[in-house]
Each structure stands twice: as C-alpha cells, then as structure tokens.
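Chemist: Sequence and predicted structure, then a few things I'm wondering about:
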Amino acid sequence: MEQAKNDTILEINDLKVIYKTDDAIVEAVNDIHLHIGKGKTLGLVGETGAGKTTTALSILRLLPSMTGHITGGEILFDGHNLLDYSEHEMQAVRGNLISMVFQDPMTSLNPVLTVGDQIAEAISLHNPDMSHEQIEAKVDETLSMVGILTSRKSDYPHQFSGGMKQRVVIAMALCCEPELLIADEPTTALDVTIQAQVLSMMRDLRDRLGTSMLMITHDLGIVAQVCDDVAVMYAGEILEAGTAEDLFLGEKHHPYTVGLFDSIPNLDSRAARLKPIPGLVPDPTDLPKGCVFSPRCSHCMEICRQQRPRTLKFGTHSIRCHLFENPEGGNADGK
C-alpha cells in the first residue's frame, strides 16, 4: 500500500469519524490510513457496518450535518487537505474532481427528469461556459461511453432496467472525467450477468480515462477482478491492507481475512456447509477494549482483549494483529 507521494491521488491519515446522537456516540471510523495511487483501484472490503460508506462520505464531506462529525485526521487529495476546504470549495470538487456511484441506482436518479437532462445538469454545473450544443454533445458522448443509445437520453429512469439505470448513474459520475471515482457497492442490486458487464465497463473506463477508483464492496470476487490494492475494514479499523497479490496469494493473513475467505464457497471442496465467522460485528457505541475482532477470533489471547494491536508491515503488506508480533509466529490459518 506504500506509494510515492507524487504517485498518490488520495491519502487518508488517522481519520476518525463519529455519529453523535442524544442517546450515544457511535465510533464509526477509528484512526484509519488509506492510500490510492494515480490510475489505480483500491478495494475497501468488509461486512455491513464496518465503516466503508462512512469513509467514502467523509472524503466528499457528505456526512449528515447534524450527527456525523470528523473528529481527527486528514484527507489529502492531490496533496490538499479536503477537511480544510469550505463548503463552496467542496462543491467544486464533488462531481468534478471526485465522483461517487451510490449503492442503489433506483434512489440515485430523479424520476421526473429524463436521464439526458440529469447528465446535462451535472455537466453544466461544473462547466458554466459550455454552450447548449456542447453540453448535448457531451451527454451523447457520455451515454455512448457506457453503452447506452443516445436516442434514449429523452427517456425517464422508470423506462430503464436495473442494469441500465446503474450505467446511467456511472455515466453521471464520469461525465466530468473525475480524477477519483468512488463506487459504493455499485453492483449489489444487479444479477450476476449484468454485474459482470458493469464491472467490465468500469474497468475499461478506468483504463481509458486514467481515473483512480475506490471500490467499496463485501465481495472478494469483485476485488479479484477489479482491484490493484485492498484494505480489509472491520468495526471502523483497517485490519489488513496490501496489494491484491498480498491478499490472495500471501502467506500471512489477519484471522478476520481468513474468516472472509472461509465464508466463500469452494468448488474444489465437498464440504456440506459453509464456515461462517462466529458471532456478530460489535456494537459501535461499545467497542471492545483491545482488538475489535477479539470477541469473534479463534486465536484470541489475553493481550488481544486488553491491548489494541499495532499495524505490522511486511513489505507492501500490513496486518493489525498480535499474532504476528512474534517473528517466529505462524499464520492465522495455520501456515
């Protein structure tokens, strides 16, 4: 995950995010570090409630204004800390330099505007000097780029299938050719055939435009297909990070990562049942004192319950686990 500074598009250091309500304080993101290289794709993996979407919303400064608070850290985009930007400055960043594809295309599109008008609105907002003809030409170009006939720009969202809606949402995100695209589980609502088409299209667009991507997902299959680097998130912390090769081919793994792999069906195994991770994600209002994964970990030691582990580096690979403090220690899965 280490990147030379001039090769890094996004760098997150010690980011801490809480949700504050009248009843409790939710510790959603706790001192995380992330790097995304220029033209590279980082996969952010973890269970529901891990803090993945909160991290993405923090980058765009779109946390709920009444409850969401960034209490520490920095988010450096092209070397500039986005947390120092005013709301007016962030409006120039959103959609123009950094775009986001949200989980559900059904709720991302305005049902009473044509898809062409919605894409045109995004283009004109960030390019006020463009003429109507230039905007229309850009709309046509953007729709063609995601494989939608330009004749359909006058159609409304309800006239498109789920997969086509997602293509429209991606077109809106890419119409200003952003430097960074954040994709928050962009294929969750799609069947596997359409999912494969959308992922292939996103890979092609990334390579053609040179756009960096943050791919948020819980699907390790998507990570294997799309991502250059991977960070495994759990209960607001990054427990393991490295290149895709580190994650899929490396010998050392965090017990949580091992649990994620064990939960995937194996075509070479005739096991009668899958092997899920026991227990549940901890309550973010009452996180464990030591390692956040300790209540569910089969390798849990006394130190795990009392002391938070530090992040250990193995070249490009990093793991946050007490198991690897001893250089002679084996892998969490017995290797």
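Modeler: Nice, thanks for sending it over.

Chemist: Who does residue 318 form a beta bridge with?
Modeler: With beta bridges defined as DSSP bridges, residue 318 has these partners: residue 241, residue 313.

Chemist: now it: how far from residue 297?
Modeler: Shown here: residue 318 relative to residue 297, a distance of 18 Å by CB to CB, to the nearest Å. Backbone N, C-alpha and C define where each C-beta goes, glycine included.

Chemist: Please say which of the two ends up with more neighbours.
Modeler: Using other CB atoms under 10 Å, the more surrounded residue of residue 318 and residue 297 is residue 297, with 24 against 20.

Chemist: Please look at the more buried one and residue 257 and confirm they touch.
Modeler: No. Between residue 297 and residue 257 no contact is recorded; they are 11.6 Å apart, counting by CB atoms under 8 Å.

Chemist: So what touches the lowest-mean-pLDDT helix or strand in the chain?
Modeler: Ranking every helix and strand in the chain by mean pLDDT, DSSP states H and E puts helix 105-108 at the bottom, with a mean of 77. Under the criterion CB atoms under 8 Å, 6 or more residues apart in numbering, residues 101, 102, 157, 162, 165, 166, 168, 169, 189 lie in contact with helix 105-108.

Chemist: Where does the spatially most central residue of the chain fall, secondary structure wise?
Modeler: Using CA atoms, centre = their mean, the residue of the chain that lies closest to the mean C-alpha position is residue 216, 2.6 Å off. Using DSSP states H and E, the element containing residue 216 is strand 212-217.

Chemist: could you say what helices and strands that strand packs with?
Modeler: In this structure, strand 212-217 packs against strand 8-20, strand 25-37, strand 41-45, helix 52-59, strand 180-184, helix 192-209, helix 220-226, with contacts taken as 3 or more CB pairs under 8 Å, 6 or more residues apart in numbering; DSSP states H and E.

Chemist: Only the buried residues of the second one, if you could.
Modeler: Looking back up the chat, that one is strand 25-37. Of the residues in strand 25-37, those buried by neighbour count under the rule 16 or more other CB atoms under 10 Å are 26, 27, 28, 29, 30, 32, 33, 34, 35, 36, 37.

Chemist: swap in stretch 177-195?
Modeler: Within stretch 177-195, the residues that count as buried by 16+ other CB under 10 Å are 178-187, 189-190, 194-195.

Chemist: Can you give me the first-to-last residue distance of that stretch?
Modeler: End-to-end distance of stretch 177-195 (CA to CA, to the nearest Å): 22 Å.

Chemist: Kindly report the same for stretch 158-166.
Modeler: One end of stretch 158-166 sits 12 Å from the other (CA to CA).

Chemist: Repeat that for stretch 41-53.
Modeler: Using CA to CA, the span of stretch 41-53 from its first residue to its last is 16 Å.

Chemist: picking that back up, so for residue 235, which of the helices and strands packed on strand 212-217 sits nearest?
Modeler: Checking those against residue 235 by CB to CB gives strand 25-37 as the closest, at 7.8 Å.

Chemist: tilt between that closest one and strand 41-45?
Modeler: Interaxial angle, strand 25-37 versus strand 41-45 (axes from the mean of the first three to the mean of the last three CA atoms, to 10 degrees): 150 degrees.

Chemist: Give the other helices and strands that strand 25-37 contacts.
Modeler: Contacting strand 25-37 under the criterion 3+ CB pairs under 8 Å, 6+ apart are the following elements: strand 8-20, strand 41-45, helix 52-59, strand 68-77, strand 212-217, strand 229-234, strand 237-243.

Chemist: Quick one: the ones you listed as TSV, columns for mean pLDDT and distance to residue 141 too.
Modeler: Conversion of these to TSV gives the following (pLDDT from 0 to 100; distance: least, CB to CB, whole Å):
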stretch	mean pLDDT	distance to residue 141
strand 8-20	96	24
strand 41-45	96	23
helix 52-59	96	27
strand 68-77	97	26
strand 212-217	95	21
strand 229-234	97	30
strand 237-243	97	34
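
Chemist: between the ones you listed, which one is nearest to residue 150?
Modeler: Across the helices and strands packed on strand 25-37, closest to residue 150 is strand 212-217 (CB to CB), at 25.5 Å.

Chemist: quick one, that closest one and helix 52-59 angle?
Modeler: Using the same axes, to 10 degrees, strand 212-217 lies at 150 degrees relative to helix 52-59.

Chemist: can you list the residues that contact strand 212-217?
Modeler: Applying CB under 8 Å, 6+ apart, the set of residues contacting strand 212-217 from outside is 9-10, 36-45, 52-53, 55-56, 59, 179-186, 202, 206, 222-223, 226-227.

Chemist: and it, C-alpha only, in PDB?
Modeler: The C-alpha coordinates for strand 212-217 follow below in PDB (Å, rounded to 0.1, in the frame of the first residue of the first chain):
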ATOM      1  CA  SER A 212      -8.400   6.200  -9.900                       C
ATOM      2  CA  MET A 213     -11.100   4.200  -8.100                       C
ATOM      3  CA  LEU A 214     -12.200   3.400  -4.600                       C
ATOM      4  CA  MET A 215     -14.300   0.200  -4.900                       C
ATOM      5  CA  ILE A 216     -16.300  -0.400  -1.800                       C
ATOM      6  CA  THR A 217     -17.600  -4.000  -1.600                       C
END
